[in-house]
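K.L.:
How does the following fold in three dimensions:
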Amino acid sequence: MNSLDFSIVAQAWPYLWSGLLFSLALTAAAFVIGMILGTLFALVQHFEVPVAGRLVRAYIALIRSIPLILVLFWFFFLVPIVLGHLSGNGRPVPIGATWTAFITFGLFEAAYYSEIIRVGLRAVNRGQFEACQALALSTFHTYRCVILPQVLRVASPIILSQTIILFQDTSLVYVLSLTDLLGAASKLAQLNGRLVEMYLVVALVYLGVSSAASQCVASLRKRYAMAGAHR
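P.N.:
Modelled structure (predicted):
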């Protein structure tokens, strides 16, 4: 322990900070894309749309059955080839590592958020739908103004828990040579040879961010438990 030198971390912090910002940006983008697509997927299954419902279920089953790192490889290497054939010239259409990461994470998380929303829709009391019908609300306004806000509010602890996992999974972009928090630390560690210090600081940063988010999850669960007890 006496040989540890954390002064190198202070010097390298601007680079680590840029990596952390990339990780947070990727998390935020994947969350937005995943929630929008996930909600649409959940509604397609909820309304039991014949063909689309089956396609969505197959997509969710596929995504949830394979690791994210494999999906990253698929998208990075196979999609350019497919786009090249579709364009007619036969040459791969480069997408780039950054676009690959943002699109892949968004599509991947959509499958998980979709299942959370779908379960939430099934948990809504039937009386809520009957009340909306009594008020002559359209299907669109029923779900936009009444049903979905309740689902998102009740499911928010689980959604936030999944987002914590998403933030931790952003470290996988190292396979695309992108500089996230872990990637920045790894590159610096290879340059200055201070592997222990770099990886220890990164672990503490992940711990701090995840712990803060976990406290929010616990707070939300406690709030909804108290609200349910007063009903």
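K.L.:
How much space separates Val79 from Leu107?
P.N.:
11 Å (CB to CB, to the nearest Å). To be clear about C-beta, it is placed using only N, CA and C from the backbone, and glycine gets the same treatment.
K.L.:
Oops, could you answer that again for Ala42 instead?
P.N.:
15 Å.
K.L.:
Give me the neighbour count for Gly88.
P.N.:
7 (other CB atoms under 10 Å).
K.L.:
Report pLDDT for it.
P.N.:
Looking at Gly88, its pLDDT reads 77.
K.L.:
same check, this time on Gln11
P.N.:
82.
K.L.:
Tell me which helix or strand comes right after the helix or strand encompassing Leu20.
P.N.:
Under the criterion of DSSP states H and E, Leu20 resides in helix 7-46. Going down the chain from helix 7-46, the next helix or strand is helix 50-63, by DSSP H and E.
K.L.:
contact partners of that following helix?
P.N.:
41, 44-45, 47, 71, 107-108, 110-111, 114-115 (CB atoms under 8 Å, 6 or more residues apart in numbering).
K.L.:
which two from the residues you listed end up farthest apart in space?
P.N.:
Across those, the longest distance by CB to CB is 27.2 Å; it joins Phe47 and Val71.
K.L.:
And these two? Which one has more around it.
P.N.:
Comparing Phe47 with Val71 by other CB under 10 Å, the one with more neighbours is Val71, at 18 against 13.
K.L.:
Just to check, the more buried one is in contact with Gly106?
P.N.:
No. Counting by CB atoms under 8 Å, Val71 does not reach Gly106; the two are 11.2 Å apart.
K.L.:
Which other helices and strands does the helix holding Leu20 contact?
P.N.:
Packing partners of helix 7-46 (3 or more CB pairs under 8 Å, 6 or more residues apart in numbering; DSSP states H and E): helix 50-63, helix 97-123, helix 148-169, helix 181-192, helix 195-229.
K.L.:
Rebuild those as TSV, extending it with distance to Arg91 and mean neighbour count.
P.N.:
Below are those laid out as TSV (distance: least, CB to CB, whole Å; neighbours: other CB atoms under 10 Å):
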stretch	distance to Arg91	mean neighbour count
helix 50-63	28	14
helix 97-123	18	20
helix 148-169	32	18
helix 181-192	29	20
helix 195-229	39	14
